[in-house]
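K.L.:
Have a look at this fold, sequence not included:
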């Protein structure tokens, strides 16, 4: 499976998911407004952190070792069995904690205890949420791109339908509930896909935990937990800073800009995850690693630059079409955000090498340091440049991150 072929196949799912996300953005813009966008962002960060804990934070490791043991089905099954048992235990414990503290979680993340019911919905469906993610990680590691595409399309379909239905009925509350449960609905489709395969049985997901494999997955747990805590927490802190020092509408503009970046970069970021992680995990020779990284910069970075320029030129149309007139002030965020997006992808091409080679100390240190630096840069620059300061901080932070990652990885690909 080549990078270009993977990108084309993955692009089918991504285009549909992108269109779905843009449609959801429009729905949210209409039904919840800029301030509601800020609440959506807070809740999504909460979901990101909680599901990482609930899954045991091992999905990246599952993809890596499923790909690495591509010629050894017994070892693959040990990986799945160990991962599935860990996920089952972690998700049950996490779901119980969410249910018990639903009102406190609503206050911490949404500043309103009346949204506790949203967390109850999340708790009730959490086990399906995390097992869906685990099964997708296995598909990725097996390079079952066709099945992976179908599963992702199903997730996109459920996301749009459920968000439209619940947001139109209950407004912000409905949108939050939709975000809590749609991945769990996609689990039904993922199960159906797995039942069609010849290499998998659901009994492979449960049983005795292999200590050696659990230890190897544990390295990815540390890396994933670092990302799951640092990245969302930094965004929550910055969003709270914008809300209290400028306005919650301003925080909503930044959230809308961030969601737009996520949507248009999706083809690139998912191709990195679907192709690069399994591929780099397989390679042992330095020359092969260099070749794959060079291919990434030849193909992925130019696509990112062209996409960013296109988004910038179409910014007025995008704001008017995908959002509402209330979001017009976000226009000032495009230039620096798009520069930051390009720098982000440039750095991620290299950082995937850290993931594939389990360089967990380097990954954790850089993730922690640059999450903290983003917070300080954002706070400092918003005092000088207002709302625009947060996207200037974003670009500067990823420029420094790219330099740091390249410096760390020179010894690997030298």
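P.N.:
Everything's here; your move. Given the structure is predicted, the values throughout are model-derived calculations rather than measurements. Numbering: from 1, shown residues only.

K.L.:
hmm, who's touching stretch 178-196?
P.N.:
If you take Cβ atoms under 8 Å, 6 or more residues apart in numbering as the criterion, stretch 178-196 is touched by 40, 43-44, 47, 118-119, 121-122, 125-126, 128-129, 131-133, 135-136, 139, 147, 150-151, 154-155, 158-159, 162-163, 165-167, 200, 202. All C-beta atoms are positioned from the backbone trio N, CA, C, and that covers glycine.

K.L.:
any idea of the mean pLDDT for that stretch?
P.N.:
With pLDDT averaged residue by residue, stretch 178-196 scores 84.

K.L.:
and that stretch, which residues are buried?
P.N.:
Using 16 or more other Cβ atoms under 10 Å as the burial criterion, the residues of stretch 178-196 that qualify are 178-187, 189-190, 193-194.

K.L.:
Between the two ends of stretch 347-364, what distance do you get?
P.N.:
15 Å (Cα to Cα, to the nearest Å).

K.L.:
Tabulate the buried residues of stretch 178-196 (JSON lines), appending secondary structure and distance to residue 244.
P.N.:
Compiled in JSON lines, the buried residues of stretch 178-196 are given as follows (DSSP: H, G, I helix; E, B strand; the rest coil; distance: Cβ to Cβ, whole Å):
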{"residue": "178", "secondary structure": "helix", "distance to residue 244": "27"}
{"residue": "179", "secondary structure": "helix", "distance to residue 244": "24"}
{"residue": "180", "secondary structure": "helix", "distance to residue 244": "26"}
{"residue": "181", "secondary structure": "helix", "distance to residue 244": "30"}
{"residue": "182", "secondary structure": "helix", "distance to residue 244": "31"}
{"residue": "183", "secondary structure": "helix", "distance to residue 244": "31"}
{"residue": "184", "secondary structure": "helix", "distance to residue 244": "33"}
{"residue": "185", "secondary structure": "helix", "distance to residue 244": "36"}
{"residue": "186", "secondary structure": "helix", "distance to residue 244": "36"}
{"residue": "187", "secondary structure": "helix", "distance to residue 244": "38"}
{"residue": "189", "secondary structure": "helix", "distance to residue 244": "41"}
{"residue": "190", "secondary structure": "helix", "distance to residue 244": "41"}
{"residue": "193", "secondary structure": "helix", "distance to residue 244": "45"}
{"residue": "194", "secondary structure": "helix", "distance to residue 244": "46"}
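
K.L.:
right, and residue 171 touches residue 30 too?
P.N.:
No: counting by Cβ atoms under 8 Å, residue 171 sits too far from residue 30 to count as a contact (10.2 Å).

K.L.:
ok so, going back, could I have the buried ones of the contacts of stretch 178-196 as PyMOL selection syntax?
P.N.:
PyMOL command restricting the contacts of stretch 178-196 to the buried ones, with burial defined by 16+ other Cβ under 10 Å:
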select buried, resi 40+43+44+47+118+119+121+122+125+126+128+129+131+132+133+135+136+139+147+150+151+154+155+158+159+162+163+166+167+200
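
K.L.:
Among the contacts of stretch 178-196, which lie within helices?
P.N.:
Using DSSP state H, the subset of the contacts of stretch 178-196 located in helices is 40, 43-44, 47, 118-119, 121-122, 125-126, 128-129, 131-133, 135-136, 139, 147, 150-151, 154-155, 158-159, 162-163, 165-167.

K.L.:
from the buried residues of stretch 178-196, which is closest to residue 20?
P.N.:
residue 182 (10.4 Å; Cβ to Cβ).

K.L.:
any idea how far residue 162 is from the closest one?
P.N.:
Using Cβ to Cβ, to the nearest Å, residue 182 is found at 5 Å from residue 162.

K.L.:
helices or strands next to the helix or strand residue 342 falls within in the packing?
P.N.:
Element membership of residue 342 [criterion: DSSP states H and E] is helix 334-356. Secondary-structure packing of helix 334-356 (3 or more Cβ pairs under 8 Å, 6 or more residues apart in numbering; DSSP states H and E): helix 59-68, helix 248-264, helix 266-271, helix 277-282, helix 286-313, helix 360-385, helix 388-413.

K.L.:
what about residue 211, how many residues close to it?
P.N.:
By other Cβ atoms under 10 Å, 9 other residues sit near residue 211.

K.L.:
what's the answer for the one 3 residues further on, then?
P.N.:
Taking other Cβ under 10 Å as the criterion, the count of residues near residue 214 is 19.

K.L.:
now do residue 74
P.N.:
7.

K.L.:
next SSE after the helix or strand that it is a member of?
P.N.:
Using DSSP H and E, residue 74 falls within helix 73-100. Using DSSP H and E, the next helix or strand after helix 73-100 towards the C-terminus is helix 102-110.
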